[in-house]
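>>> Predicted coordinates and the sequence they were generated for:
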Amino acid sequence: MGDFRRKTGNRKGVTLFEIVIVAAISSMVLTMAMMIMNRTTRHFKKGTDMLNNQRLMDNIVERIRTDVRSLKNPIPKECNENSFSFMAIRDGVEKKIRYQYDATRQTLFRNEAGKESNFHGAKQVKSFSFKPEFDGNGRFRVLNVVMQLISDDKGGNQDVASTLSIICQFYSTCVEAELNIAKIRKKSKSP
């Protein structure tokens, strides 16, 4: 019997209990690593979506700023909270430009000479409002714009997506509302 105890005390194998403990510890470490990776990926995706929203907002603001700078006169019958139409001077020619917000599609559209674009922001423009102001003589003074963009990713909370909001004022830098550059160019070319 002494021989048997001596042989079992010096064994080199692992027991089933040791294997179960190692498996449990390994699964806990892997689970924690997966949770950290999942959270990091989710935060990265949310940050990327917010960056895309910021780019979309910058594109919209810059396009409106450029258009309104050349604004000659608004078209009052086509202006309301969801749309703003005006005549602008482009390359010496008067052109009609119209911005239209479609609440059902949550998209802002821009139309110039029949060509329509949507800033590639479908379902991202949560709200948009145009508020033009006029001076005492009925001439355009400033365009106030309020917009709110929503990200595609809802992040950790499945009910709430991140939003980005801005209020802007745009001024026309057109020298004179009655100025018609095309007529001036025709006169200057005449002998």
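Perfect, I can see it now. Numbering: from 1, shown residues only.
>>> my guess is residue 86 meets residue 73, correct?
Yes. With contact defined as C-beta atoms under 8 Å, residue 86 and residue 73 form a contacting pair (6.6 Å). Glycine gets a C-beta too; all of them are placed from N, C-alpha and C.
>>> which residues sit in contact with the most centrally placed residue in the chain?
The structure's the chain has its C-alpha centroid closest to residue 53; by C-alpha atoms, centre = their mean the separation is 2.4 Å. In this structure, residue 53 makes contact with 124, 149-151, 162, 164, judged by C-beta atoms under 8 Å, 6 or more residues apart in numbering.
>>> Check what pLDDT it gets.
Reported pLDDT at residue 53 in the predicted model: 87.
>>> low-confidence ranges in this structure?
In the predicted model of the chain, residues 1-11, 152-160, 175-191 satisfy pLDDT under 70.
>>> For it, just list every one of the strands.
In the chain, strands defined by DSSP state E lie at 71-74, 83-90, 93-102, 107-112, 115-117, 125-134, 140-150, 163-170, listed in chain order.
>>> tell me the angle of the lengthiest helix in the chain relative to strand 93-102?
If you go by DSSP state H, the chain has its longest helix at helix 16-69. Taking axes from the mean of the first three to the mean of the last three C-alpha atoms, to 10 degrees, one finds that helix 16-69 is oriented at 140 degrees with respect to strand 93-102.
>>> Centre of the chain to helix 16-69, how far?
Relative to the centre of its chain, helix 16-69 is centred 18 Å away, using C-alpha atoms, centre = their mean, to the nearest Å.
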